[in-house]
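K.L.:
Pasted the sequence and its predicted model underneath.
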2 protein chains.
Amino acid sequence: MTTVTETARTAEAARTAEAVDPAAWSCPAPLRDSPTIVMGHGGGGAMSAELVEHLFLPAFGEAAATELDDCAVLAVGSVRLAFSTDSYVVRPLFFPGGSIGELAVNGTVNDLAMSGARPLCLSTAFILEEGTPLAELARIATAMGTAARQAGVRLATGDTKVVDAGHGHGVFVNTAGIGLIPDGVDIRPARVRPGDAVLVSGDLGVHGVAVLSCREGLEFGTALESDTAPLHGLVAAMLDRGSSGRHPDVHALRDPTRGGLAASLNEIARAAGVGIDIVERSVPVPEAVADACGILGLDPLYVANEGKLVAFVAPDDADRVLAAMRNHPNGRGAALVGTVVEDHPAMVVARTAFGATRVVDLPLGEQLPRIC
Amino acid sequence: MTTVTETARTAEAARTAEAVDPAAWSCPAPLRDSPTIVMGHGGGGAMSAELVEHLFLPAFGEAAATELDDCAVLAVGSVRLAFSTDSYVVRPLFFPGGSIGELAVNGTVNDLAMSGARPLCLSTAFILEEGTPLAELARIATAMGTAARQAGVRLATGDTKVVDAGHGHGVFVNTAGIGLIPDGVDIRPARVRPGDAVLVSGDLGVHGVAVLSCREGLEFGTALESDTAPLHGLVAAMLDRGSSGRHPDVHALRDPTRGGLAASLNEIARAAGVGIDIVERSVPVPEAVADACGILGLDPLYVANEGKLVAFVAPDDADRVLAAMRNHPNGRGAALVGTVVEDHPAMVVARTAFGATRVVDLPLGEQLPRIC
């Protein structure tokens, strides 16, 4: 029998175990401004990067990949696999053009596609808040099934946890995915070089504004629908060998989700140690997005997309890749928006419509949280 | 410019899109008792199984694996991969013997190990509540790094999302994992046959009681610490070819987490269409667990474990596998607890200490929610 003394002693031990001793962990200088989690830590900008660099990587130690990238590449036997994960916490759960369900499938499919991989299968993990209507969950799961069929991926394994009412937010979804990287394809930030063409696949800012348009209490409306779409088909078209017999030399790919195009360009500039020049008026931004951003004081370069990519392509192959993009349904609005340069390494500079230049910095957090 | 009429019209459309029409989805009969999510849907028992069978599988449609098992097996090129995911929502975050960090690594490592796989790498995805102390997150991440090093897996890729205060619960962690299944290993529920020996690797119920002992407000104490541990080393020892030159014939493996041994045995009995007989007094339950369960009215067979497994082994190999388990640090307390039978298919029957028999049913939900 557990004695009373034992019970008292171990209850005390348990309380001690539960209490966090702030002295046991010394907050690194770059994180000291905010010793607690704030929204910006999840925004995909500078604060997210700091959290990875100064908290996760030191804490994981030798167990961590050298860089916690959006997508890991693993050599297993004779195959190269892409492996990626994302959690989805978008609010509202349903928005014009889609739902958290399509995002959870297409988002992870796209993370795999950005390494050139053909997505094979996804895991699906739900954290559900007590009291969530089953009808809502069914609608989300149905959207996931439809999106998975359209993307040609299997939903291979899953998990469901339930948390108390007031300790979740309806439905959170995590997906992880495995993809197969074709032979001869090598797409990663470190391959980006001065001279590379910077291409985007179409209109930017649509997803973020579509979600914002129906945010609770905001009542801001536009005719825009989220651009959520799987992009591996577009990537395959861009890499098509064609009559040349070789893959066009695509150096790096990014899907500009959280933090928008600005975050993606800054990440690549820093990872490759290069500068990037873009021409603002070449960046395709639909009028409705520009209008909404004007009213709300947002910069379209920082607004999230869920069905667009940015490509860094060797100059000799840029025309060919741009043409392939424009021939694909998900790349009709593709455009050359800039060039990789040797100047101002790790910095992104935009030439404005007025002929001036401005630095496009890595966003601190996210202009619009919970958009994916 | 977006016109006022357009704004009004699309704001209305967005509200409609957001509202869930209960008529659009017809709740299947088995789920009608609870048209909203309740804690039991996350308990790993009958309600969890109903949610998968009657909501997720029909909603996912053709995109779903035929069975959403804890672990999927994929043939990619010449290799067979195991792929698994779990979210961790345990409360408190720190408990005697471990934290959500160790659970998140060992839990997914063990899901992979239960298909005989050697775990290769994990993804790590965090859903953080605004206001969570960084020191708490650092302590969890450090535990994950240590557990990953001990298990020999890499933390390969990750994601961090932040949700508003009051819409999360400190830290939720999701891990997904990839493992490599050795040639000649074929471990899955459908291989279980009448005559198989049912072995468990040691003391049951320790994790659940350890977590319960420090649940907020409960103040129940024992000297028990969570048994969280990676089990792939134990599995490799059980499968060792030794001088015979062949793997012992292990038909199926399960780690009895949510729902405890009772849930695992029922899952196997249903999946393989067999009956299972166990002898209660052969099931290793430490005195402290038995005492705690006695006080609280819990059945140790239903209490969660995080470092134990149950194995179904061909009768001719049972002694050899049991000896290999007892020779391994994670299997010292291994015991033969029962037999697979032709009688009472899909049903688990226990012979009690008084010589009577009782049906050990699949739990409805979970006796102790949020224990993993």
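P.N.:
That came in fine, so what should we check first?
K.L.:
Just give me the longest helix of chain A.
P.N.:
helix A:134-151 (DSSP state H).
K.L.:
Using PDB, write out the CA atom coordinates for that helix.
P.N.:
Extracted C-alpha coordinates of helix A:134-151, given in PDB (Å, rounded to 0.1, in the frame of the first residue of the first chain):
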ATOM      1  CA  LEU A 134     -18.900  16.300 -35.800                       C
ATOM      2  CA  ALA A 135     -20.500  17.900 -38.900                       C
ATOM      3  CA  GLU A 136     -17.700  20.400 -39.000                       C
ATOM      4  CA  LEU A 137     -15.000  17.700 -38.600                       C
ATOM      5  CA  ALA A 138     -16.700  15.700 -41.400                       C
ATOM      6  CA  ARG A 139     -16.700  18.700 -43.700                       C
ATOM      7  CA  ILE A 140     -13.000  19.200 -43.100                       C
ATOM      8  CA  ALA A 141     -12.100  15.500 -43.500                       C
ATOM      9  CA  THR A 142     -14.100  15.400 -46.700                       C
ATOM     10  CA  ALA A 143     -12.100  18.400 -48.100                       C
ATOM     11  CA  MET A 144      -8.900  16.500 -47.100                       C
ATOM     12  CA  GLY A 145     -10.000  13.400 -49.000                       C
ATOM     13  CA  THR A 146     -10.900  15.400 -52.100                       C
ATOM     14  CA  ALA A 147      -7.700  17.400 -52.000                       C
ATOM     15  CA  ALA A 148      -5.700  14.200 -51.500                       C
ATOM     16  CA  ARG A 149      -7.400  12.500 -54.500                       C
ATOM     17  CA  GLN A 150      -6.700  15.600 -56.600                       C
ATOM     18  CA  ALA A 151      -3.100  15.600 -55.600                       C
END
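K.L.:
Could you confirm whether that helix reaches chain B?
P.N.:
Yes: with Cβ under 8 Å from any Cβ of the partner chain as the criterion, chain B is reached by helix A:134-151 at A:134-139, A:141-142, A:144-146, A:148-149. C-beta coordinates here come from the backbone N, C-alpha and C atoms, glycine included.
K.L.:
which residues are there in the stretch 251-372 of chain A that come within reach of chain B?
P.N.:
Counting by Cβ under 8 Å from any Cβ, the stretch 251-372 of chain A sits next to chain B at A:287-288, A:291-292, A:369-370.
K.L.:
if we go to 7 Å?
P.N.:
Within the stretch 251-372 of chain A, the positions near chain B by Cβ under 7 Å from any Cβ of the partner chain are A:288, A:291-292, A:370.
K.L.:
Could you identify the buried members of those residues?
P.N.:
Burial by neighbour count, judged by 16 or more other Cβ atoms under 10 Å in any protein chain shown, picks out A:288, A:292, A:370 from those.
K.L.:
Filter these down to the ones in helices?
P.N.:
Those of these lying in helices (DSSP H): A:288, A:292.
K.L.:
now, which of the buried ones among the residues of the stretch 251-372 of chain A next to chain B sits nearest A:Met114?
P.N.:
A:Met114 lies nearest to A:Arg370 out of these, by Cβ to Cβ, at 22.2 Å.
K.L.:
pLDDT value on A:Leu81, please?
P.N.:
What the model reports for A:Leu81 is a pLDDT of 96.
K.L.:
Run through the residues that contact the closest residue to it other than its chain neighbours.
P.N.:
Among residues not flanking A:Leu81 along the chain, A:Leu74 sits closest, at 4.7 Å (Cβ to Cβ, 6 or more residues apart in numbering or on different chains). A:Leu74 is in contact with A:81, A:83, B:120-121, B:156, counting by Cβ atoms under 7 Å, 6 or more residues apart in numbering or on different chains.
K.L.:
repeat for A:Pro315
P.N.:
By Cβ under 7 Å, 6+ apart, the neighbours of A:Pro315 are A:195-197.
K.L.:
Mark which of those are buried, thanks.
P.N.:
A:196-197.
K.L.:
Return the subset of the contacts of A:Pro315 lying in strands.
P.N.:
A:Ala197 (DSSP state E).
K.L.:
I'd like the contacts of A:Pro315 laid out as CSV, including distance to B:Asp70 and pLDDT.
P.N.:
Converted to CSV, the contacts of A:Pro315 look like this (distance: Cβ to Cβ, whole Å; pLDDT from 0 to 100):
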residue, distance to B:Asp70, pLDDT
A:Gly195, 49, 98
A:Asp196, 44, 98
A:Ala197, 46, 98
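K.L.:
could you point out the longest strand in chain A?
P.N.:
strand A:118-129.
K.L.:
ok, that strand: who's next to it in the sheet?
P.N.:
strand A:154-163 (parallel), strand A:171-180 (antiparallel) (DSSP bridges).
K.L.:
Pick the most buried one from those strands.
P.N.:
Here the criterion is mean neighbour count by mean count of other Cβ atoms under 10 Å in any protein chain shown, and of the strands paired with strand A:118-129 the winner is strand A:171-180, at a mean of 28.
K.L.:
Centre of the chain to the longest helix of chain A, how far?
P.N.:
20 Å (Cα atoms, centre = their mean, to the nearest Å).
K.L.:
That one to strand A:171-180, inter-axis angle?
P.N.:
20 degrees (axes from the mean of the first three to the mean of the last three Cα atoms, to 10 degrees).
K.L.:
which secondary structure elements does helix A:134-151 contact?
P.N.:
helix A:100-113, strand A:118-129, strand A:171-180, helix B:57-60 (3 or more Cβ pairs under 7 Å, 6 or more residues apart in numbering or on different chains; DSSP states H and E).
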